[in-house]
Structure formats: structure tokens, C-alpha cells
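S.K.: Need coordinates for the below:
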Amino acid sequence: MIEVEVRGQLNKEGYEKLKDFLAKNGWFLGRKEREMYLLRGHPGHSHDPMAREMDIRLRNTDGECEIMFKRKAGDKNIGREEISLKLKDKDLEVAKLAVKALGYTSAIKMHRIMNQYTYDNIHWQVVKTPKDYFYFEAEQETENEGDVEKIHAALAEKAGSLGLQVLTPEETRDFLFLLDREVNEEVVF
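M.R.: Numbers count the residues shown, from 1 in each chain. I've put the predicted structure just below:
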């Protein structure tokens, strides 16, 4: 599947307002807490998230662990093909040892709390970071790479109709770099 998403930064008030709106007008799917480790140094990796061809992460979402591979799909870096390798463990300690044995010695650790909703056939995540940075993601999936741009435009239009500002690729890069500096942490395995 190819995931197509738009993202926008929120302040605390916007975070609460969007959660309230989606809870009243959509379907609440649940609250998830996620610990992630972004691996680096493999083919297709770039420090610049907009230039990154391949993203490999260890993820623990409420005790459900996986290795997640996301590969760029489409010409404009607005869609990603996702592959999930589920792990039987309930934490990432064995996975960290395994990737260390494969040569990964460090990673970027991220922690997020996500409230998830479905509204207007769109999957919405309203996200809080440990240092009170907030953002939203609106996403849909497709099997057809030819639909990526059309879906991206529709997601941006829907977010705009809700009064949400969608980040441009440059703003997304700046926001992700801000999270790396202020919230995420470099860890050694």
C-alpha cells in the first residue's frame, strides 16, 4: 500500500480544538502511544527527510512491535509505500540488539502520543510530543501510484476546509528538523 498524507503544526489550543471537532464529527479510533527509533546509514537514507528514499524504523505502539520500512512513491515525495515486519516481542530490546548486530550503532529516538479518528473517509492523527509540540496528519492509502497526487490535493483541500494549515515540503522539513533538535534524541545501541 502507498500512504499519502498531509501534515500541519498545531498549537495547544488548535490541538484541543481539532480533537474536539473530530470526536464530535468523526469516529474515534483510539489513543496510541508510540516509541520509534529511526535508523540511519542504509541505502536511500538522507538526513534531509524530504530527500530520503528509504525510512527504516523500529516501532513499539502500545506493545505491538514492528520494523517499518517506508519507501518513497511518486515523483513529488508525497506518498510512501509501507512494509511492516511484525515482531513477537512486546518491547524493542531484542530488535535493538538485532539491528546493532547488523551494523546500526545509533538512531533517533522519538516518542509520540496520537489520538486517531476517521472523518470524511480520511484517517486523522492528532499528535502530541513530549515537549508539547503538536501536529496533525491526514492520510489515505492507495494501491495505485497514479492516484497519489490527486489524493494529496484532496487531503490538503479537506484540511484547509477545517481551517488547518498544511505544511509545504520546505515547512515540513523545517518542522521535522525542529522536532529533531527540541524533542527527539540521539541514542546509541
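
S.K.: switch to C-alpha atoms for all contacts and neighbour counts from now on
M.R.: Fine.

S.K.: And the helix or strand hosting Lys24, how far out from the chain middle?
M.R.: In this assignment (DSSP states H and E), Lys24 forms part of helix 12-25. Relative to the chain's own centre, helix 12-25 is displaced by 19 Å; criterion: Cα atoms, centre = their mean, to the nearest Å.

S.K.: Can you tell me which helices and strands it packs against?
M.R.: strand 106-119, strand 122-128, strand 134-142 (3 or more Cα pairs under 8 Å, 6 or more residues apart in numbering; DSSP states H and E).

S.K.: now the residue positioned nearest the centre of the chain: how far from Val99?
M.R.: Per Cα atoms, centre = their mean, the C-alpha nearest to the average position across the chain is that of Glu137, at 7.6 Å. From Glu137 over to Val99 the distance is 29 Å, taken as Cα to Cα, to the nearest Å.

S.K.: swap in Leu29?
M.R.: 32 Å.

S.K.: What of Gly41?
M.R.: Where Val99 is concerned, Gly41 sits at a distance of 12 Å (Cα to Cα).

S.K.: Okay, and Gly8 sits in which element?
M.R.: Counting by DSSP H and E, Gly8 is part of strand 2-10.

S.K.: Of all the helices and strands packed on helix 12-25, which one is nearest Asn25?
M.R.: strand 106-119 (7.0 Å; Cα to Cα).

S.K.: Give me the packing partners of the closest one, helices and strands only.
M.R.: Strand 106-119 packs on helix 12-25, strand 27-39, strand 122-128, strand 185-188, going by 3+ Cα pairs under 8 Å, 6+ apart.

S.K.: mind running it again at 10 Å?
M.R.: helix 12-25, strand 27-39, strand 54-61, helix 93-101, strand 122-128, strand 134-142, helix 169-182, strand 185-188 (3 or more Cα pairs under 10 Å, 6 or more residues apart in numbering; DSSP states H and E).

S.K.: closest one to Ile83 among the ones you listed?
M.R.: Among the helices and strands packed on strand 106-119, if distance is taken as Cα to Cα, the winner is strand 54-61, at 9.7 Å.

S.K.: Just the angle for the closest one relative to helix 93-101, thanks.
M.R.: Here the directions of strand 54-61 and helix 93-101 differ by 160 degrees (axes from the mean of the first three to the mean of the last three Cα atoms, to 10 degrees).
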